[in-house]
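Trainee: Dropping a prediction and its sequence here:
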Amino acid sequence: MRRPFRISVMIVAIVLASLLGVSLTQAGQTDDSLSATGLTFQEANLPWNAQYAHQVDYPDDVGSYASLALRPYDNLPYISYYDSTNGDLMLAHLMPLGNGDCGTDNKWKCERLDGDLIHGSDNVGSYTSIDFWADESNSAWRIGISYHDTTNRGLKYISWYCDILCTQHRIVTIASTDFNMVSIGLYTSLKFGPTGEPNIVYYYSNSIGNDSLRYAYPVASGGNCGEGSDEGEWQCDIIDSGDRTGQYASMDLTYDGTVYIAYYDRGLGNLKLANYWGIIEDDCYLDNGWWCVELDSVGDVGMYASLAAQHFPGDKLYRVAYYDATNEQLKYTDIDWDPLVVDDMGPDLSPMGISMDVDPDGAPIIAYKQNTSEFGPPELNIARPFFVYDDGNFGNCGDTPPGYIFLYWRCDTVDNGGQYLEVAEFVSIKLNPAGFANIAYSEFVNIDVGDHATSLKFISQKAITFLPLILKP
């Protein structure tokens with residue numbers, strides 16, 4: 001939580017130390033939580049620590065479609081991602097004792113969750129989305145990942161449950177097709193509901209008919225989706241339909257389980273929002289109970305959308321960060337504010353990662369790829385409201401929102417790969433309950449034509465703890 005006078009207290013402590021003849025000892029940044037006895041800076045000011053979660057050399061490519069979630073109770077990072085070299089769904093998670101098999105100092109465990117043992121025959125694992133659900137009745141948890149099966153043009157879901165032991169991974173094919181003009185399960189977005197039920201939104205591509213944004217959820221029986229032993233155990237509903245409607249879908253649930261979805265209508269070049277009402281006059285599609293509205297329709301807007309829904313009572317119902325392709329800008333809108341420019345992002349020469357989360361006080365943080373330098377490589381940037389830094393400085397980028405007279409957004413670079421490195425084509429951000437940011441993203445190395453590799457990186461904030469004042473001998 002925000003502590004407005006923390007830096008002032010630190011200055012007073014230093015002055016007192018000099019007057020009383022005592023010294024101040026600084027501890028190392030080893031903790032993800034705040035010390036109960038020490039002083040610490042505002043969360044937004046904490047330093048960043050970057051490492052590899054899965055590093056490869058030419059000619060391998062891993063780390064695209066990265067999606068990050070934090071495990072309940074200990075906030076360890078789990079990242080689902082795609083190994084495009086072998087066509088596999090992968091999972092990397094930090095090992096608390098450093099006994100992993102990949103990443104920096106082998107601190108990470110990298111697992112192949114789906115894909116053919118003899119690589120090359122199956123291609124699965126793109127468009128991943130990961131989420132956790134905490135079972136507070138017995139301190140257990142459930143993990144789920146939605147993803148695309150390129151070989152079978154389908155939507156798949158893998159999950160398991162952990163209490164004392166973890167169940168074996170269970171893979172479900174929710175829907176697939178043999179028709180080569182159709183592809184199911186692109187741009188997946190997964191969130192667990194309050195009681196642990198998975199909700200999956202995805203894009204259904206149909207090159208000879210209307211595309212659609214669709215919503216899948218489990219049912220006891222009688223559903224229209226699910227294959228094999230899971231036939232009829234999933235329901236797949238059309239939310240919105242039209243020419244290239246439903247790309248870049250991003251879903252979040254409010255604290256009480258209400259679904260909000262941001263998505264891109266490529267046919268019109270608009271950012272749209274869907275919310276389920278049940279019975280309304282203007283449904284999105286054939287009296288389906290979904291309410292859809294355009295959030296931004298000026299120019300070509302809405303690609304790479306990232307939505308955060310209401311996290312606690314009194315919080316804003318929704319916030320959306322997205323890309324304005326016409327003006328090459330990062331933009332933001334919420335239920336109270338019309339679209340605002342946050343920062344320049346540069347031309348869309350490759351996937352332009354955008355991901356947003358909300359801190360414990362309800363302030364947004366946006367991680368994004370910036371590609372504006374004419375000579376330098378793309379960078380990983382973050383944008384936050386100026387007041388979260390609590391240092392007396394105002395913003396340095398973007399528009400001034402209603403009610404403010406100074407620049408609202410502060411934009412900073414947290415990783416600049418260097419001359420031959422491009423970062424953040426795919427980016428996913430999550431804050432832990434203390435408000436410390438964690439970001440998973442890709443790093444592309446391109447030295448010569450055809451000589452390249454893509455790795456998965458992870459950067460996070462760590463608490464700085466100051467020990468109490470110690471008297472000099």
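Mentor: Received, thanks. Numbers count the residues shown, from 1 in each chain.

Trainee: Just give the nearest non-adjacent residue to residue 113, would you?
Mentor: Spatial nearest neighbour of residue 113, excluding adjacent residues (C-beta to C-beta, 6 or more residues apart in numbering): residue 89 at 4.7 Å. In this view, the C-beta of every residue, glycine as well, is placed from N, C-alpha and C.

Trainee: Who are the packing partners of the helix or strand hosting the one you found?
Mentor: Using DSSP states H and E, residue 89 maps to strand 88-94. Under the contact criterion of 3 or more C-beta pairs under 8 Å, 6 or more residues apart in numbering; DSSP states H and E, strand 88-94 touches strand 48-54, strand 77-83, strand 108-114, strand 124-135, strand 140-149.

Trainee: Format these as CSV; extra columns: mean pLDDT, distance to residue 265 and mean neighbour count.
Mentor: Output for the helices and strands packed on strand 88-94, formatted as CSV (pLDDT from 0 to 100; distance: least, C-beta to C-beta, whole Å; neighbours: other C-beta atoms under 10 Å):
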stretch, mean pLDDT, distance to residue 265, mean neighbour count
strand 48-54, 96, 34, 19
strand 77-83, 98, 25, 26
strand 108-114, 97, 31, 18
strand 124-135, 98, 18, 22
strand 140-149, 98, 20, 25
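
Trainee: mind putting those in JSON lines, distance to residue 308 included?
Mentor: Output for those, formatted as JSON lines (distance: least, C-beta to C-beta, whole Å):
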{"stretch": "strand 48-54", "distance to residue 308": "21"}
{"stretch": "strand 77-83", "distance to residue 308": "18"}
{"stretch": "strand 108-114", "distance to residue 308": "26"}
{"stretch": "strand 124-135", "distance to residue 308": "14"}
{"stretch": "strand 140-149", "distance to residue 308": "18"}
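
Trainee: Relative to residue 248, which of the ones you listed is closest?
Mentor: Counting by C-beta to C-beta, residue 248 lies closest to strand 124-135 out of the helices and strands packed on strand 88-94; the figure is 10.3 Å.

Trainee: Any idea how many residues pack against the residue nearest to residue 113?
Mentor: By other C-beta atoms under 10 Å, 25 other residues sit near residue 89.

Trainee: In stretch 83-91, which residues are buried?
Mentor: Residues of stretch 83-91 classed as buried: 83-84, 86-91 (neighbour count, 16 or more other C-beta atoms under 10 Å).

Trainee: any low-confidence regions in the protein?
Mentor: Filtered on pLDDT under 70, the chain yields the residue ranges 1-41, 117-121, 279-282, 374-375, 447-450, 464-473.

Trainee: can you give me the helices for it?
Mentor: Under the criterion DSSP state H, helices of the chain are mapped to 6-20.

Trainee: Now do the domain split for it, please.
Mentor: Taking automatic domain parsing as the criterion, the chain consists of the domains 1-59+353-473, 68-297.

Trainee: my guess is residue 204 meets residue 182, correct?
Mentor: Yes. Residue 204 is within contact range of residue 182, at 7.4 Å (criterion: C-beta atoms under 8 Å).

Trainee: Show me which of these two is the more surrounded one.
Mentor: More crowded of residue 204 and residue 182, by other C-beta under 10 Å: residue 204, with 24 against 17.

Trainee: related to what we said a few turns ago, take the domains of the chain and lay them out in TSV including distance to residue 313.
Mentor: Supplementary listing: the domains of the chain in TSV, determined by distance: least, C-beta to C-beta, whole Å:
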stretch	distance to residue 313
domain 1-59+353-473	11
domain 68-297	7
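
Trainee: The ones you listed: which one's closest to residue 304?
Mentor: Comparing the domains of the chain against residue 304 with C-beta to C-beta, the closest turns out to be domain 1-59+353-473 (4.3 Å).

Trainee: From residue 445, how far off is the residue lying closest to residue 271 once chain neighbours are set aside?
Mentor: Leaving aside its sequence neighbours, residue 271 sits nearest to residue 302 (C-beta to C-beta, 6+ apart; 3.3 Å). With the distance defined as C-beta to C-beta, to the nearest Å, residue 302 ends up 30 Å from residue 445.

Trainee: more neighbours, these two?
Mentor: With neighbours defined as other C-beta under 10 Å, residue 302 and residue 445 compare such that residue 302 has more, 28 against 19.

Trainee: my guess is the more buried one contacts residue 249, does it?
Mentor: No. Under the criterion of C-beta under 8 Å, residue 302 makes no contact with residue 249, lying 10.6 Å away.

Trainee: Quickly list what's touching both of those two.
Mentor: Shared contacts of residue 302 and residue 249 (C-beta atoms under 8 Å, 6 or more residues apart in numbering): 262-263.

Trainee: Between the domains of the chain, which one is closest to residue 310.
Mentor: domain 68-297 (4.1 Å).

Trainee: ok, now which ones touch residue 400?
Mentor: With contacts defined as C-beta under 8 Å, 6+ apart, the neighbours of residue 400 are 406-408.

Trainee: repeat that with 10 Å
Mentor: 340-341, 394, 406-409 (C-beta atoms under 10 Å, 6 or more residues apart in numbering).

Trainee: Residue 325: how many residues sit nearby?
Mentor: Neighbourhood size, residue 325 [other C-beta under 10 Å]: 19.

Trainee: again, but for residue 253
Mentor: 18.

Trainee: cool, the one 3 residues further on as well?
Mentor: Neighbour count for residue 256, taken as other C-beta under 10 Å: 10.

Trainee: related to what we said a few turns ago, could the buried residues of stretch 83-91 go into JSON lines alongside distance to residue 64?
Mentor: Output for the buried residues of stretch 83-91, formatted as JSON lines (distance: C-beta to C-beta, whole Å):
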{"residue": "83", "distance to residue 64": "9"}
{"residue": "84", "distance to residue 64": "6"}
{"residue": "86", "distance to residue 64": "13"}
{"residue": "87", "distance to residue 64": "12"}
{"residue": "88", "distance to residue 64": "12"}
{"residue": "89", "distance to residue 64": "12"}
{"residue": "90", "distance to residue 64": "10"}
{"residue": "91", "distance to residue 64": "14"}
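
Trainee: ok, of these, which one's closest to residue 265?
Mentor: Each of these was checked against residue 265 using C-beta to C-beta; the closest is residue 84, at 27.6 Å.

Trainee: ok, the closest residue to that closest one other than its chain neighbours to residue 446 distance?
Mentor: Leaving aside its sequence neighbours, residue 84 sits nearest to residue 61 (C-beta to C-beta, 6+ apart; 4.6 Å). Here the criterion is C-beta to C-beta. By it, residue 61 lies 11 Å from residue 446.
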